[in-house]
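Trainee: pasting the structure only:
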Ligand SMILES: NC(=O)C1=CN([C@@H]2O[C@H](COP(=O)(O)OP(=O)(O)OC[C@H]3O[C@@H](n4cnc5c(N)ncnc54)[C@H](O)[C@@H]3O)[C@@H](O)[C@H]2O)C=CC1
Ligand SMILES: NCC(=O)COP(=O)(O)O
């Protein structure tokens, strides 16, 4: 069987991303893991964590080979300034983006079968003078994709978002029939393509309390969401809703639902994290490449302590491998 090569980006160097990758490298995996990072940072953090780490310099001209436990392939990119564990430094913001660029380019030219990202700190990148909302939006721009969709998944629940990293005040103006339609089409297609769901059952949430209460608590449901859903259901999709968010996330409604489409970040993600924090994955749908990520942030308070839980990174890696295997098997079939 072909060995897949997966790029890993540790994200914010002062956060737990490097720790988790070093912890992950302590066991063997079913793919070659290539970490895109400053090797000095990894060695320093491994010492802090008292974990063994051998670095193999990544050579793209060699056939992919599995890493042994305690060893990792590294595509080196130098930090601008030495990293102090747990302390953000705007000087290293460009470094963080350079690691992402190398992973994206490597996925685009098929050096890597997928990329798995550890968390970045959005604020420090902005503080460095670079406008940055998140990996999701960055990947959309860098791969020149018109629209991507953020979806988080855990055992028994998938939640996708119509809007991602926006101030709450700006959300309603983005809830248009056209946008909901585009996002729903991407979600529907990717649930079919990546998750083998022939006829995905999607629950669409309303924007307002009680899904607008018949127009008395907001009109986005009547003016934008319902017309879009009627159109897509007439085409054969199975969309239910718009349901109030406080009703949709109940066992009865989730039983026959493959994904919930939430209108904004904090409408959908708290429930997902309550159910699966630590074991959930963040997947960017609609991209020409495969990208998965963790469900948590940089946890500066835990960096270097050895207390960071790598459950979500393991889940993100396992989704990336199975999505890449699925893609490679369907490409071979055609
Ligand atoms: N994919 C990404 O790049 C993401 C980045 N972030 C960024 O992370 C930064 C910090 O965000 P917060 O809201 O503080 O969330 P956070 O997830 O970093 O921390 C929230 C709490 O969870 C704990 N925690 C987080 N990950 C953990 C792990 N693996 N094991 C054990 N405990 C863990 C932390 O110690 C803290 O108590 C922000 O700048 C945010 O933008 C947040 C989410 C995703
Ligand atoms: N809450 C999820 C999150 O912020 C992840 O964002 P991204 O960096 O993956 O776009």
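Mentor: Good, I have the coordinates. The shown structure was predicted, so the numbers you read here are calculated from the model rather than taken from an experiment. Ligands and ions are numbered 1, 2, ... in the order given.
Trainee: Tell me who's in contact with the closest residue to ligand 2 within the stretch 101-250 of the chain.
Mentor: Distance from ligand 2 to each residue of the stretch 101-250 of the chain (CB to the nearest ligand atom) is smallest for residue 134, at 2.8 Å. Every residue, glycine included, has its C-beta placed from N, CA and C. Going by CB atoms under 8 Å, 6 or more residues apart in numbering, residue 134 touches 120, 122, 164-165.
Trainee: swap the cut-off to 7 Å and go again
Mentor: 122, 164-165 (CB atoms under 7 Å, 6 or more residues apart in numbering).
Trainee: what do you get for residue 149?
Mentor: 160, 183, 186-187, 285-286.
Trainee: try 8 Å
Mentor: 160-161, 183, 186-187, 190, 284-286.
Trainee: Relative to residue 309, which of these is nearest.
Mentor: residue 284 (22.5 Å; CB to CB).
Trainee: Show the pLDDT at the residue lying closest to that closest one once chain neighbours are set aside.
Mentor: Spatial nearest neighbour of residue 284, chain neighbours left out: residue 291 (4.6 Å); criterion: CB to CB, 6 or more residues apart in numbering. pLDDT, residue 291: 98.
Trainee: Residue 110 in helix, strand or coil?
Mentor: coil (DSSP: H, G, I helix; E, B strand; the rest coil).
Trainee: Which segments of the chain make up each domain?
Mentor: Using the TED database, the domains assigned to the chain come out as 1-145+287-333, 147-285.
Trainee: how distant is the shortest one from the center of its chain?
Mentor: So the one you mean is domain 147-285. Put simply, domain 147-285 sits 16 Å off its chain's centre (CA atoms, centre = their mean, to the nearest Å).
Trainee: Quick check: end-to-end length of it?
Mentor: 9 Å (CA to CA, to the nearest Å).
Trainee: Is it in proximity to ligand 2?
Mentor: Yes - against ligand 2, domain 147-285 shows contacts by CB under 6 Å from any ligand atom at 269, 282.
Trainee: Now do the strands in this protein.
Mentor: Assigned by DSSP state E, the strands in the chain fall at 5-9, 32-37, 54-57, 71-76, 114-117, 149-154, 157-161, 201-205, 238-243, 259-262, 281-285, 291-293.
Trainee: Of the contacts of residue 149 - the most surrounded one?
Mentor: The residue in the contacts of residue 149 with the most neighbours, by other CB atoms under 10 Å, is residue 284 (27 neighbours).
Trainee: Residue 28 versus that one, what's the distance?
Mentor: As judged by CB to CB, to the nearest Å, residue 284 and residue 28 stand 27 Å apart.
Trainee: do residue 176 as well
Mentor: Distance from residue 176 to residue 28, by CB to CB: 48 Å.
Trainee: who's more crowded, these two?
Mentor: Ranked by neighbour count (other CB under 10 Å), residue 176 and residue 28 place residue 176 first, with 16 against 12.
Trainee: ok, the more buried one touching residue 224?
Mentor: Yes - counting by CB atoms under 8 Å, residue 176 does reach residue 224; the two are 5.4 Å apart.
Trainee: Contacts for stretch 246-259, please.
Mentor: 151, 156-160, 187, 191, 195, 197, 200-203, 205, 240-241, 243, 260, 271.
Trainee: Would you point out which residue of the stretch 1-150 of the chain is nearest ligand 1?
Mentor: residue 119 (3.5 Å).
Trainee: For that residue, grab the count of nearby residues.
Mentor: Residues near residue 119, counting by other CB under 10 Å: 25.
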